[in-house]
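Undergrad: predicted coordinates and the sequence they were generated for:
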Amino acid sequence: MSQENALKVRKLTFWEAALIIVGANIGSGILGLAYSSRLAGWPVLMIWLIIAGFFTTASMLYVAETTLRTKVPLQLPGLAERYVGKLGSWLIFISVAANSIGCMIAYTSGSGRILGELLNIPTPLGSLIFSIPAVLVVWFGLKATGVAEKIISTGMVVLVGVIIIASFVSTDAKICNVMYSNWTYAVPVFNVAIFCFIAQYAVPELARGLSHSPKKLPKAIIVGMAITLVLLALVPLAVLSLTGRDKVTEVATLAWGRALGQWAFFVANAFALCAMMTSYWAVGGSFLTNIVDKFKFKSESDIVTRLLCIAVVAVPPFILAYSGLVGFVDAIYLAGTFGGVIMSILPIMMLNSARKHGDIEPEWKNGFIAGRAVQWIMIILFCGAAVYAILSLLGFLPAGW
């Protein structure tokens, strides 16, 4: 993938790439997991995290092989148009846009609540304080995102490690707070789990950054997703063991910090802000380059183009976050549900087409994970979850929370 177009090639290291995956995944979703799974129970959540993690990783590896079979660096809409057609391109762009806007509504809303509590200021002002540095890194592009992700993600893992250990050794932690299961509320939890893992939109960015060493791409994806799984499992376990299901808040770190004391309140919410910031960088940067790719702008480096795209990325989520139309966990749930359907089906079609019509034979290929059985299970699982979501929104099936 040595050629360039409107999207420029800027090198990433292996760990910068892996931590972009972690940064993209560990954001608002991890903060809403404890709340969204409180009725179903942590064991149900853990089962869904493993299943969702496996299939979303498989989908990401399909995208990875597709990018490696393509000479020119393209984002998901460009890859979809190349291998599936214009309808597929529009569907995947709509999915990326819906997922990205859903993510950034949650980041904007969640950061406002946290900074409002920490600084005793109005939540919209807290969101604005959060959004300024978030947008600046997105403005400076892929390499700036990679370096910033490596620094902040490392700090984020240290912070969450401290607070998780403190939770497990606390005298208030009770195993009975987490070891219960109610499968009546199980399916919606899967949709939230999908959201926590959906980072397919970041794969073409990573392929661009690792074009000098393509064999590192699948390894970076797997390592990033494995770190994600561990963090997604431990955070709600620690939160629920302390607070129980009745006291957990939508943004879990608010209740988590209070349960451990003032020091933990600040540490937990510093982690939350880092998590949302790193995700904002990964999601916002990817959304920006998807817009450039889909609408065939001349160059992502053009100032007017970049200003226009930044406005599209940053302004609508801020407005929607304070419109009263979308709640924090609802934004996560809806983005995960409908993004998951398109992100499960189209990467399969793209991979199968790229294997027939790709430009080059790649240095790395998917093995058994790209088998027909895995692909069909993925489609049935993700589409079934979306059908449930629609029926629950219409009131025919129980909501998850």
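TA: Thanks, I have the structure now. Residues are numbered from 1 along each chain as shown.
Undergrad: where do the helices of the stretch 151-300 of the chain begin and end?
TA: Taking DSSP state H, counting those that start in this stretch as the test, the helices found in the stretch 151-300 of the chain are 186-197, 203-209, 216-243, 252-260, 262-294.
Undergrad: what's the closest of the ones you listed to Trp15?
TA: helix 216-243 (8.1 Å; Cβ to Cβ). Every residue, glycine included, has its C-beta placed from N, CA and C.
Undergrad: what residues sit buried inside the closest one?
TA: For helix 216-243, the buried set under the neighbour-count rule, 16 or more other Cβ atoms under 10 Å, comprises 216-218, 220-221, 223-225, 227-229, 231-243.
Undergrad: how about stretch 282-297?
TA: Buried residues in stretch 282-297 (16+ other Cβ under 10 Å): 282-294, 297.
Undergrad: could you do stretch 34-51 as well?
TA: Here stretch 34-51 shows 34-42, 44-49 as buried, counting by 16+ other Cβ under 10 Å.
Undergrad: now do stretch 261-271
TA: Going by 16+ other Cβ under 10 Å, stretch 261-271 has these buried residues: Ala264, Phe265, Val267, Ala268, Asn269, Ala270, Phe271.
Undergrad: JSON lines please, covering these and showing pLDDT and distance to Thr305.
TA: Listed next are these as JSON lines, based on pLDDT from 0 to 100; distance: Cβ to Cβ, whole Å:
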{"residue": "Ala264", "pLDDT": "82", "distance to Thr305": "44"}
{"residue": "Phe265", "pLDDT": "82", "distance to Thr305": "42"}
{"residue": "Val267", "pLDDT": "85", "distance to Thr305": "40"}
{"residue": "Ala268", "pLDDT": "81", "distance to Thr305": "39"}
{"residue": "Asn269", "pLDDT": "81", "distance to Thr305": "36"}
{"residue": "Ala270", "pLDDT": "85", "distance to Thr305": "35"}
{"residue": "Phe271", "pLDDT": "83", "distance to Thr305": "35"}
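Undergrad: and those as a markdown table, adding distance to Gly367?
TA: Listed next are the buried residues of stretch 261-271 as a markdown table, based on distance: Cβ to Cβ, whole Å:
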| residue | distance to Gly367 |
| --- | --- |
| Ala264 | 44 |
| Phe265 | 46 |
| Val267 | 42 |
| Ala268 | 40 |
| Asn269 | 42 |
| Ala270 | 41 |
| Phe271 | 36 |
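Undergrad: farthest-separated two in those?
TA: Every pair of the buried residues of stretch 261-271 checked by Cβ to Cβ; the farthest is Phe265 and Phe271, at 11.1 Å.
Undergrad: which residues touch the closest residue to Val84 other than its chain neighbours?
TA: Closest residue in space to Val84, ignoring its immediate chain neighbours: Met349 at 5.1 Å, by Cβ to Cβ, 6 or more residues apart in numbering. Residues in contact with Met349 (Cβ atoms under 8 Å, 6 or more residues apart in numbering) are Tyr83, Val84, Gly88.
Undergrad: Met349 and Phe382: what is the separation?
TA: 14 Å (Cβ to Cβ, to the nearest Å).
Undergrad: now the helices for the stretch 301-401 of the chain?
TA: With DSSP H, counting those that start in this stretch as the definition, the stretch 301-401 of the chain shows helices at residue ranges 303-321, 328-357, 372-393.
Undergrad: mind checking which of these is nearest Thr66?
TA: Thr66 lies closest to helix 328-357 among those, at 4.5 Å (Cβ to Cβ).
Undergrad: what's the offset of stretch 179-189 from the middle of its chain?
TA: Per Cα atoms, centre = their mean, to the nearest Å, the displacement of stretch 179-189 from the mean C-alpha position of its chain is 22 Å.
Undergrad: can you give me the end-to-end span of it?
TA: One end of stretch 179-189 sits 16 Å from the other (Cα to Cα, to the nearest Å).
Undergrad: related to what we said a few turns ago, farthest-separated two in the buried residues of stretch 34-51?
TA: So, the buried residues of stretch 34-51 by Cβ to Cβ: farthest apart are Tyr35 and Ile47, at 18.3 Å.
Undergrad: let me have the helices of the stretch 151-300 of the chain in JSON lines, adding distance to Gly395 as columns.
TA: Converted to JSON lines, the helices of the stretch 151-300 of the chain look like this (distance: least, Cβ to Cβ, whole Å):
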{"stretch": "helix 186-197", "distance to Gly395": "14"}
{"stretch": "helix 203-209", "distance to Gly395": "37"}
{"stretch": "helix 216-243", "distance to Gly395": "27"}
{"stretch": "helix 252-260", "distance to Gly395": "27"}
{"stretch": "helix 262-294", "distance to Gly395": "31"}
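Undergrad: by mean pLDDT, show me the worst of those helices.
TA: Across those, helix 252-260 has the smallest mean pLDDT, namely a mean of 76.
Undergrad: list of residues touching that helix?
TA: So helix 252-260 is contacted by 31-35, 113-114, 117, 163, 166-167, 170, 172, 235-236, 238-239, 242-243, 247-249, 264-269, 271-272 (Cβ under 8 Å, 6+ apart).
Undergrad: Ile342: which of the buried residues of stretch 34-51 is nearest?
TA: For these, the nearest to Ile342 is Trp48 (19.6 Å; Cβ to Cβ).
Undergrad: my read: Ala148 touches Trp139, true?
TA: No. Using Cβ atoms under 8 Å, Ala148 makes no contact with Trp139, being 11.8 Å away.
Undergrad: more neighbours: the two, which one.
TA: Using other Cβ atoms under 10 Å, the more surrounded residue of Ala148 and Trp139 is Ala148, with 23 against 17.
Undergrad: for that one, give me its contacts.
TA: Applying Cβ under 8 Å, 6+ apart, the residues contacting Ala148 are Val137, Thr278, Trp281.
Undergrad: same question, Val374
TA: Phe55, Ala58, Phe368.
Undergrad: how close does the first one sit to Gly384?
TA: In this case it means Phe55. 12 Å.
Undergrad: same check, this time on the second one
TA: When distances are taken as Cβ to Cβ, Ala58 and Gly384 turn out to be 17 Å apart.
Undergrad: before we move on, the earlier item: max pairwise distance over the buried residues of stretch 282-297: which two?
TA: Pairwise distances across the buried residues of stretch 282-297 peak at 20.8 Å for Ala282 and Phe297 (criterion: Cβ to Cβ).
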